[in-house]
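[1] Sequence first, predicted coordinates after that:
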Amino acid sequence: MKNAHPSFVLLVFLLLGLLPFLFQDPRVLVVVLAANIVLIAKLGWKRSMVKTYVLVGGIGACFATITWLPFTNVGEPYWSSQIPVINYPVQITDIGVLWALGMGMRLANVALLSMYYLFTTSPREIAMGLRGIGVPFSVSFLLSLIFRFIPLVKNDLATIREAQMVRGMTTNEGSMTERIRKYGFLLVPLIFSSLKRVPVISNALDAKGFRMRNHQHRFYRSQRLRTAEIVTLLAGFALVVTLFYFARIHPEHFGVLIPGRI
């Protein structure tokens with residue numbers, strides 16, 4: 001989506017991110033995920049991004065599936081029991097298996113779209129995209145600052161890790177408990193170094209006259225949405241509304257396992 005308006009890119013990813021929440025059936029959601037993968041592969045993503053998605057999206061999807069699996073009481077039960085002490089019923093049903101897989105597929109879809117957007121969009125484009133859809137400049141600029149300073153935090157983490165390695169500490173040796181304890185020696189300095197940066201950022205914003213309520217804040221020569229982008233957004237919105245009508249208003253058609261639940 002090179003040379004596209006930042007608001008157009010943001011709205012396209014928002015519309016694509018709404019699709020997984022219209023359906024519950026994993027047999028439909030896997031088609032949505034496959035379509036999103038084909039789209040993003042066509043747009044182009046780096047191998048490092050693929051590895052990160054497989055790690056984050058894969059683990060998140062598996063965790064969502066496992067945690068949702070025993071808490072659906074609709075359908076034919078395969079197994080049922082109770083949680084001790086609180087006597088809360090848990091069971092695995094045929095509908096529950098599909099429901100849990102659907103929740104995992106939802107998370108995989110959302111992780112794919114959000115990670116690609118954040119990895120390929122600059123903080124300035126994020127701020128311009130938010131401003132273009134009506135978010136006040138001050139709010140959109142502050143939100144973009146979160147992503148602007150992620151590289152600085154990564155550099156701080158690398159510096160702290162090298163300093164600890166000089167002192168003889170390695171994070172890739174020992175048992176799981178020891179590794180977790182060692183990561184505490186990285187996180188504590190990282191938190192304090194980030195907190196020390198807060199007054200520097202605050203003073204820099206004050207020096208530039210930044211105020212939360214200042215209508216003079218704006219982007220210089222902000223581009224406008226093109227006609228083709230407006231038509232594409234309207235078509236995408238119409239598609240989402242149509243799918244919402246069939247999936248929610250008439251759930252007997254397709255994609256819904258438990259009517260009335262999101």
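    Arrived safely.
[2] mind listing what the residue nearest to Gln91 when sequence neighbours are not counted touches?
    Using C-beta to C-beta, 6 or more residues apart in numbering and skipping the chain neighbours, the partner closest in space to Gln91 is Ser80 (3.8 Å). Where C-beta positions appear, they are placed from N, C-alpha and C, glycine not excepted. Applying C-beta atoms under 8 Å, 6 or more residues apart in numbering to Ser80 gives the contacts Pro89, Val90, Gln91, Ile92.
[3] From Leu186, how far out is Ser80?
    From Ser80 across to Leu186, the span is 44 Å (C-beta to C-beta, to the nearest Å).
[4] show me where this structure has helices.
    All helices of the chain, identified by DSSP state H, fall at 6-18, 26-43, 47-68, 94-120, 123-132, 137-148, 150-166, 176-207, 227-244.
[5] pLDDT wise, what is Met1 at?
    Note for Met1: predicted pLDDT of 63.
[6] Looking at the helices of the chain, which is nearest to Val256?
    Closest to Val256 of these, according to C-beta to C-beta: helix 26-43, at 9.2 Å.
[7] Please report how far Arg167 lies from Ala158.
    15 Å.
[8] Counting neighbours, go ahead and name the busier of those two.
    Taking other C-beta atoms under 10 Å, Arg167 and Ala158 do not tie; Ala158 has more neighbours (10 against 7).
[9] In contact with that one, which residues?
    By C-beta under 8 Å, 6+ apart, no residues touch Ala158.
[10] what comes up buried for stretch 59-74?
    Residues of stretch 59-74 classed as buried: Gly60, Ala61, Ala64, Thr65, Trp68, Leu69, Pro70, Thr72 (neighbour count, 16 or more other C-beta atoms under 10 Å).
[11] just the CA coordinates of it, formatted as PDB?
    Included here for stretch 59-74 are C-alpha records, laid out as PDB according to Å, rounded to 0.1, in the frame of the first residue of the first chain:
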ATOM      1  CA  ILE A  59       1.500 -19.300  21.100                       C
ATOM      2  CA  GLY A  60      -1.400 -16.800  21.500                       C
ATOM      3  CA  ALA A  61      -3.800 -18.900  19.400                       C
ATOM      4  CA  CYS A  62      -2.900 -22.100  21.200                       C
ATOM      5  CA  PHE A  63      -3.300 -20.400  24.600                       C
ATOM      6  CA  ALA A  64      -6.700 -19.000  23.600                       C
ATOM      7  CA  THR A  65      -7.800 -22.400  22.300                       C
ATOM      8  CA  ILE A  66      -6.800 -24.200  25.500                       C
ATOM      9  CA  THR A  67      -8.300 -21.700  27.900                       C
ATOM     10  CA  TRP A  68     -11.600 -21.500  26.100                       C
ATOM     11  CA  LEU A  69     -11.900 -25.300  25.600                       C
ATOM     12  CA  PRO A  70     -13.400 -26.400  29.000                       C
ATOM     13  CA  PHE A  71     -15.700 -23.500  29.600                       C
ATOM     14  CA  THR A  72     -18.400 -24.000  26.900                       C
ATOM     15  CA  ASN A  73     -21.500 -25.900  28.100                       C
ATOM     16  CA  VAL A  74     -23.300 -26.100  24.700                       C
END
